[in-house]
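> here is the input, now give the coordinates:
(one chain, ligands or ions: 1)
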Amino acid sequence: MRRAIYPGSFDPITKGHLDIIERSAMLFDEVVVALLRNIEKQPMFTTDERVEMIREVLPASNVRVDTFEGLLVHYAVAQQAQFVVRGIRAISDYEYELQMALMNRRIEPNVETVFLMAGEAYSYISSRLIKEVFKLGGSIHGLVPESVERRMREKVKLT
Ligand code: ADP
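Numbers count the residues shown, from 1 in each chain. I've put the predicted structure just below:
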């Protein structure tokens, strides 16, 4: 059983994330989209909301959602996952990701980090950029799933 963890904050999930999830689902027997709890001080969505939003758009039956805290590689071992998937957008992602991957390998040599690239249509999107553009009134249509766009509109109305 080749199991992979795809970790992140997913605040909120974007089509870039979904593209990586779809690619991972073809490569591995099981993919766990793992939401890191409590990292950002002021997330737009609560952990529960983010989990729900991911569940609503899961593209394949071999993908599930979970949350974790603490060290990613400890979580991966506990989940009996041999792989961690990370998405690479631009060269700028590479330096940080390389550092993380090598540190994770040092702590847990049996967990391999696999880098995937989203399709170029989504390669420039980040959750942070989506939120910034949205809050300033720009259109994010097509860059996040429709259900996410709807929830973002509701969230802004409430605040
Ligand atoms: P983190 O806070 O760990 O970066 P994110 O939710 O922002 O969490 O992203 C999770 C993973 O998805 C990271 O590996 C990130 O590089 C990757 N990712 C995010 N957006 C994209 C995208 N548009 N294309 C490819 N990879 C992406």
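> setting aside sequence neighbours, what's the nearest residue to Glu104?
In this structure residue 104 is Asn, not Glu. Spatial nearest neighbour of Asn104, excluding adjacent residues (C-beta to C-beta, 6 or more residues apart in numbering): Val73 at 4.8 Å. Where C-beta positions appear, they are placed from N, C-alpha and C, glycine not excepted.
> and the one you found, helix, strand or coil?
Local secondary structure at Val73 is given as helix here, using DSSP: H, G, I helix; E, B strand; the rest coil.
> kindly export the top helix by length along the chain (C-alpha atoms) in PDB.
Looking across the chain with DSSP state H, the single longest helix is helix 91-107. As requested, C-alpha coordinates have been extracted for helix 91-107 and formatted as PDB (Å, rounded to 0.1, in the frame of the first residue of the first chain):
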ATOM      1  CA  ILE A  91      11.800  28.500  -8.100                       C
ATOM      2  CA  SER A  92      11.000  30.600  -5.100                       C
ATOM      3  CA  ASP A  93       9.200  27.700  -3.500                       C
ATOM      4  CA  TYR A  94      12.200  25.400  -4.100                       C
ATOM      5  CA  GLU A  95      14.600  26.800  -1.500                       C
ATOM      6  CA  TYR A  96      12.200  26.500   1.400                       C
ATOM      7  CA  GLU A  97      10.800  23.100   0.200                       C
ATOM      8  CA  LEU A  98      14.300  21.700  -0.200                       C
ATOM      9  CA  GLN A  99      15.200  22.700   3.300                       C
ATOM     10  CA  MET A 100      12.100  21.100   4.800                       C
ATOM     11  CA  ALA A 101      12.500  18.000   2.700                       C
ATOM     12  CA  LEU A 102      16.100  17.500   3.800                       C
ATOM     13  CA  MET A 103      15.300  18.200   7.500                       C
ATOM     14  CA  ASN A 104      12.400  15.800   7.300                       C
ATOM     15  CA  ARG A 105      14.600  13.100   5.700                       C
ATOM     16  CA  ARG A 106      17.200  13.600   8.500                       C
ATOM     17  CA  ILE A 107      14.500  13.100  11.200                       C
END
